[in-house]
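Peer 1: turn this into a structure:
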Amino acid sequence: MKPGGERARAAREDEATIAVTELYRGHALGLMRLALMMVGDRPTAEDVVQEAFLGLYRRWPNVQDRAKALTYVRSAVLNGCRSALRRRRRPFRGEHLPPVWSAEAQVMVGEERAEVMVALHRLPVRQREALVLRYFAELSERETAEAMGISSGTVKSTTSRALAALGRILEGER
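Peer 2: Just a heads-up that it's a prediction; the model follows:
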């Protein structure tokens with residue numbers, strides 16, 4: 001390879017490293033929480049998020065609209081969660097729940113949170129994704145649609161059905 005070619009390749013790699021690192025610093029924690037809500041265990045969630053960012057880094061030179069890099073990573077996290085759930089042979093048991101910030105808060109919300117997490121994991125994956133993206137990740141309908149690869153209307157109907165199903169599950173458990 002010519003010396004100029006090596007410099008150009010190194011410059012592209014530096015650009016990808018800087019861009020992906022910046023995106024990681026700003027969004028990895030939120031994506032970890034999203035993955036944790038979807039798969040229910042921290043090691044799998046961490047793996048899914050790391051693989052999504054690695055995939056973005058590898059594909060950075062081919063990313064057409066870099067302003068949509070977060071949407072790409074979010075979709076990759078959802079796809080990784082789907083794959084992890086397909087490979088999983090055991091049902092969700094709520095082994096790892098997101099932390100609460102005090103002992104008092106843990107006592108007050110621990111049992112309810114566990115019930116909701118278990119009920120959430122009894123929903124079909126698509127319904128779970130819609131609820132987690134809309135209400136936990138606080139994405140708009142449009143952003144949720146982009147992340148899931150569906151239309152905004154489908155997000156609305158899926159979310160509505162998911163809320164109704166979640167309510168029925170929770171009422172049946174009480």
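Peer 1: which helix in the chain runs the most residues?
Peer 2: With secondary structure taken from DSSP state H, the chain has its longest helix at helix 3-39.
Peer 1: show me what the helix or strand just after that helix is packed up against.
Peer 2: The helix or strand immediately downstream of helix 3-39 is helix 42-59, counting by DSSP states H and E. Helices and strands touching helix 42-59, by 3 or more C-beta pairs under 8 Å, 6 or more residues apart in numbering; DSSP states H and E, are helix 3-39, helix 69-87. Where you see a C-beta, it was placed from the backbone N, CA and C, and this is true even at glycine.
Peer 1: in the last one, what counts as buried?
Peer 2: Applying a neighbour-count criterion of 16 or more other C-beta atoms under 10 Å, the buried positions in helix 69-87 are 69-70, 72-82, 84-85.
Peer 1: L170 in helix, strand or coil?
Peer 2: Judged by DSSP: H, G, I helix; E, B strand; the rest coil, the three-state class of L170 is helix.
Peer 1: how about it, nearest residue that isn't a chain neighbour?
Peer 2: A119 (5.2 Å; C-beta to C-beta, 6 or more residues apart in numbering).
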